[in-house]
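*Asks:* sequence plus the predicted model coming up.
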Amino acid sequence: MIGEGGNLGITQRGRIEFALMGRKINTDAIDNAGGVDCSDHEVNIKISLMSAIKYGKLSIDNRSKLLESMTDEVASLVLNNNRLQTQAITIEESLGANQLNNQSRLLNRLSSDKLLDRKLEFLPNFKEIQKRKLDNKGLNRPELSIILSYAKMDLYEKIVSSKVIDDPYFEQILMNYFPEKLRKKFPEEIKSHRLRQEIIATELVNALINRAGFTFVNQLHEEINRDFDHIVSGFIIVRDIFDFKSLWSQIEQLDYAIPHNLQSKIFDEINRLIYQMIFRFSKLNNDFIISDSVAKFKKIHKYLYDDLSNILATDSMEYYIDKKNEYTSLSLPEKLCNQLASLDSLSTIYDIVDIASDCNVDYRDVAKTYFNISTRLHLKWLSDKVLEMPINNHWDNISVKTIIDEIFDYQSLITKKIISIHISKNEKDLSNIDNWLKKNIMNIKKYEKFIAELKSNIVIDSSVAVVAINNIKNLMI
């Protein structure tokens, strides 16, 4: 392992060669990022204090004392940011060759946009990436360090001048960039900082890419065809609804208590669910106010989480219990096990709220119906089987996500149809699906026969999945 305290101690080719031998090394820019970050904090703090001095709120002598008193907190802010950056590289590295398709597409876009010269940065071209796939070897840390830097620069340029930066919700991100003493004594000077937009943009980029990964934004941009600022907003909304900052912190507190590869696996599982949540949120919410969305969904999330035992039907409850037992067997704290195990079911919150809004009913009643449908039609089982389909290229990945998205769509449509029938008949138990099943008995029997055939050890591929979607669609007739 090599860690560099200076610049250009080793060439990039040397780093790559060292890494290909199975050794650990980053780029010098990553290892020395703390110094740059520290300088940025110093300059930005001094800019905010210039205004206080100008208007007589602070003397030069007291400025020097204040700066010195904030040394430890600034160091903590800087170290935490850089720890998360190297952790992001570690998580990306742990994904290995499975991530090459997504990384290749990001590199292709950065190259076509003239932001990246792969040859200059010694990054593999298409043929070399194909060879890595055959050899089952992912990109190494020096290569990932370069991609991380370009991914951040690219996203920064995409959002720094966008309207989203001015959203009032992000004012707290600006405030949290600075030490607590400065926030308490000079809040107005921080809010009017002349580099306000640049600081918020940088913090948003770090928050997203350090946590969700290098290719996360590019994948979503390609698949949901939304602007980058929309994706950033969606990430922040999902993060704060589910309080992922607290969840991430609990996982990080297990450093050295559990294997680091297990931590990386858990982080990746969370990121996959966040991706799915943003995908569904974006589909169901064209126009939104960030603060309103967080407040509304966070409250509903708490109610659903506290009432899971009454809301989840058989399949979802079995999955929840299995996941909880899996995490418990790994010696994770009980609270964390419960939270992690609940994520899969609660990731459907946007569909549940959308149905409740359209039908003008309580979201808890919708949730019961929604999960009852999932169990009765084996939709959770089918989704899990689709997720097990092999991903050999980008289009396999798109196919899987499209099929999963269609399953969610039909689950929501059937739920909405059943609830509408109950409302039209003034029936109180909205979660009762028996009458709908009886009314559609012929289609249900045909569907059940199809599912039974699938469960008799038939390998589910994209063609089988398409037939499954059509069978679910026929239940809407």
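*Replies:* On my side now, so go ahead.
*Asks:* find me the pLDDT at the residue positioned nearest the centre of the chain, would you?
*Replies:* By C-alpha atoms, centre = their mean, the mean C-alpha position of the chain lies nearest to residue 274, the distance being 3.5 Å. Listed pLDDT for residue 274 reads 96.
*Asks:* distance of the nearest residue to it once chain neighbours are set aside relative to residue 152?
*Replies:* Distances taken as C-beta to C-beta, 6 or more residues apart in numbering place residue 238 nearest to residue 274, at 5.5 Å, with adjacent residues excluded. (C-beta placed from N, C-alpha, C; glycine too.) For residue 238, the distance to residue 152 equals 20 Å [C-beta to C-beta, to the nearest Å].
*Asks:* looking at those two, which one has more neighbours?
*Replies:* Between residue 238 and residue 152, counted using other C-beta atoms under 10 Å, the more crowded position is residue 238 (25 against 19).
*Asks:* mind checking how far that one is from residue 276?
*Replies:* From residue 238 to residue 276 the distance is 10 Å (C-beta to C-beta).
*Asks:* gap between whichever helix in the chain runs longest and the chain center?
*Replies:* Determined from DSSP state H, the single longest helix within the chain is helix 394-424. Put simply, helix 394-424 sits 21 Å off its chain's centre (C-alpha atoms, centre = their mean, to the nearest Å).
*Asks:* mind listing what's buried in that helix?
*Replies:* 397, 399-404, 406-416, 418-419, 422 (16 or more other C-beta atoms under 10 Å).
*Asks:* repeat for stretch 10-28
*Replies:* For stretch 10-28, by 16+ other C-beta under 10 Å, it's 10, 12, 15, 16, 18, 19, 25, 26, 27, 28.
*Asks:* got the domain boundaries for the protein?
*Replies:* 1-213, 226-347, 364-477 (automatic domain parsing).
*Asks:* now render those domains as a markdown table, adding distance to residue 356.
*Replies:* A markdown table is the format used below for the domains of the chain (distance: least, C-beta to C-beta, whole Å):
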| stretch | distance to residue 356 |
| --- | --- |
| domain 1-213 | 24 |
| domain 226-347 | 9 |
| domain 364-477 | 5 |
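*Asks:* of all these, which one is nearest residue 353?
*Replies:* domain 226-347 (6.1 Å; C-beta to C-beta).
*Asks:* now the host helix or strand of residue 104, how far from the centre of its chain.
*Replies:* Here residue 104 sits within helix 100-112, counting by DSSP states H and E. On the basis of C-alpha atoms, centre = their mean, helix 100-112 sits 19 Å off its chain's mean C-alpha point.
*Asks:* which other helices and strands contact it?
*Replies:* If you count contacts as 3 or more C-beta pairs under 8 Å, 6 or more residues apart in numbering; DSSP states H and E, helix 100-112 packs onto helix 126-135, helix 141-159, helix 216-224, helix 394-424.
*Asks:* who's sitting farthest from the centroid in this protein?
*Replies:* Most distant from the centre of the chain: residue 61, at 45.3 Å, with distances by C-alpha atoms, centre = their mean.
*Asks:* now the helix or strand that contains it: mean pLDDT?
*Replies:* Using DSSP H and E, residue 61 falls within helix 60-69. For helix 60-69, mean pLDDT rounds to 94.
*Asks:* quick check: buried residues in the helix holding residue 104?
*Replies:* 100, 101, 102, 103, 104, 105, 106, 107, 110, 111.
*Asks:* got TSV for those, with distance to residue 190 too?
*Replies:* As requested, the buried residues of helix 100-112 are exported to TSV (distance: C-beta to C-beta, whole Å):
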residue	distance to residue 190
100	42
101	42
102	37
103	37
104	41
105	39
106	34
107	37
110	33
111	38
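*Asks:* helices along the stretch 251-400 of the chain, start to end?
*Replies:* 260-284, 290-306, 308-311, 314-329, 334-346, 349-359, 363-376, 379-387, 394-424 (DSSP state H, counting those that start in this stretch).
*Asks:* ok, and which of those has the densest surroundings?
*Replies:* Ranked by mean neighbour count, the helices of the stretch 251-400 of the chain are led by helix 363-376 with a mean of 23 (mean count of other C-beta atoms under 10 Å).
*Asks:* right, I'll call it a day here.
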